[in-house]
Structure formats: structure tokens, C-alpha cells
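Colleague: What follows is a predicted protein model with its sequence.
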Amino acid sequence: MYEKKDAYYKKSKEEGYRARSAYKLKQINNKFRVMKKGSVVVDIGASPGGWSQVASGLVGQDGKVIAIDKEKMAPLKNSNFTFIQGDITDNSTIEKIIETVGKVDVLISDIAPKTTGIVDLDRSRSAILSMMALDLGKKILKPRGNFLTKVFQSDESEELFAEMKKCFSYTKRFRPPSTRKRSSEIYFIGKNYFEENI
């Protein structure tokens, strides 16, 4: 069993982040520039809000962050932040996103299934969730928009990556330094959404 209170966990508490995963997003964005000042970002599977905190700071007051989760999440105090409680597979949730901001520049997803301990099942569920995130991206991303999702490595995750290659001019797999060594998670980045997909 991994040690929950590792260096990044302790750092997140010291710096006021809601989750250690905040550092993964920081490291990804430092390398790939998925979002920038003024970006409109949708963060799905957002609770407890670590990624939303980072995104809100990165996009600044000229940008917007819309966090989506089925569970309630304590709102951020930032004026550029909006929370929508809902399921991304429901049309009503998609309509709320579009009503709030229209099409978006970036979709980020740190969504993960509730793990069962059955490795193959957990990896399959992770790939399904990330494919759902990509499907949402196809509905709400602007031309040249960017996509980021977490997934557990598996045959199904490679199918997802192949699908991403059809949608974005740049795709990359990345494992941030803050990822726990024993974890099978990896992040898929897609940049420059093809306009013909819209």
C-alpha cells in the first residue's frame, strides 16, 4: 500500500490545494501549455477541486473555469469559477455548459472510477470514462481546442489514444513526475482539435 502522506500530499496541504493531483496538472501544463491566460476550461470529475484551483489560477480573470461533477463540490472563491452538478452523459448537463460559456478552449479530466481491486475491470472502466470525456470534448471544444484526460494503462486506453489521433493534430502520452511510482495511470494530451470534427 502506498504512503498517502507523501511529499506532494504534504506540499498540497501547505500550499492550500485540495488534492495532490494539483501538481500533476501544473507539471502537465508547464510542459504542454494545454491552457493559458484567458482560456475557457471545463474540468470534469472535478471534485474535490484541486485541478479547478490550478486551472483558475492559470487562466486568470480573463478566463473561465467550469467544474463538473456528479457529487457536490465546495465552490472556489475565484470570480472566474462556476460549478455545475451533473452527469456528463446527460444532455441537460451538456446544455448547461453551453448555456454558461458556449464552446470551450480546453477540456480537462482527472476522472477515475471507484476502484474495485480487480485490475482489468478498473482499467476498463477508466478507459470508458475517458472515452466519455472525449465524446463530450467533441461536442463542446472550439476549433484548435485542447484535451487532457487521465487513464489507467490498458488495451482499451490505447483504443482511446487511437481515437484521439483522429481528432487532434498533436497527441502525447505523459506521466507527470508527481505520479506515484506504483500507479498505472497515465495522461493523454490532445492539442489543436480538428475543425472538421465539429
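Modeller: Received the coordinates, thanks.

Colleague: just for this protein, where's the confidence low?
Modeller: Within the chain, the stretches with pLDDT under 70 are 1-5, 8-16, 195-198.

Colleague: rerun that using 50 as the cut-off
Modeller: By pLDDT under 50, the low-scoring segments of the chain are 1-3.

Colleague: Which single helix of it contains the most residues?
Modeller: In the chain, assigned by DSSP state H, the helix with the most residues is helix 119-140.

Colleague: Tell me the buried residues in it?
Modeller: 122-127, 129-134, 136-137, 140 (16 or more other C-beta atoms under 10 Å). Quick note: C-beta positions are derived from backbone N, CA and C, even for glycine.

Colleague: Relative to the whole chain's centre, how far out is it?
Modeller: Centre-to-centre, helix 119-140 and its host chain are 11 Å apart (C-alpha atoms, centre = their mean, to the nearest Å).

Colleague: As PDB, could you dump the C-alpha coordinates of it?
Modeller: Extracted as PDB, the C-alpha positions of helix 119-140 are listed here (Å, rounded to 0.1, in the frame of the first residue of the first chain):
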ATOM      1  CA  VAL A 119      -7.200  -4.600 -12.100                       C
ATOM      2  CA  ASP A 120      -8.700  -5.400 -15.600                       C
ATOM      3  CA  LEU A 121     -12.100  -4.200 -14.600                       C
ATOM      4  CA  ASP A 122     -10.800  -0.900 -13.100                       C
ATOM      5  CA  ARG A 123      -8.700  -0.300 -16.200                       C
ATOM      6  CA  SER A 124     -11.600  -0.900 -18.500                       C
ATOM      7  CA  ARG A 125     -13.800   1.400 -16.500                       C
ATOM      8  CA  SER A 126     -11.200   4.100 -16.600                       C
ATOM      9  CA  ALA A 127     -10.900   3.900 -20.400                       C
ATOM     10  CA  ILE A 128     -14.700   4.100 -20.700                       C
ATOM     11  CA  LEU A 129     -14.800   7.200 -18.500                       C
ATOM     12  CA  SER A 130     -12.100   8.900 -20.600                       C
ATOM     13  CA  MET A 131     -13.800   8.000 -23.800                       C
ATOM     14  CA  MET A 132     -16.900   9.700 -22.400                       C
ATOM     15  CA  ALA A 133     -14.800  12.700 -21.700                       C
ATOM     16  CA  LEU A 134     -13.500  12.700 -25.300                       C
ATOM     17  CA  ASP A 135     -17.100  12.400 -26.600                       C
ATOM     18  CA  LEU A 136     -18.000  15.500 -24.500                       C
ATOM     19  CA  GLY A 137     -15.000  17.200 -26.000                       C
ATOM     20  CA  LYS A 138     -16.300  16.500 -29.500                       C
ATOM     21  CA  LYS A 139     -19.500  18.400 -28.500                       C
ATOM     22  CA  ILE A 140     -18.000  21.400 -26.800                       C
END
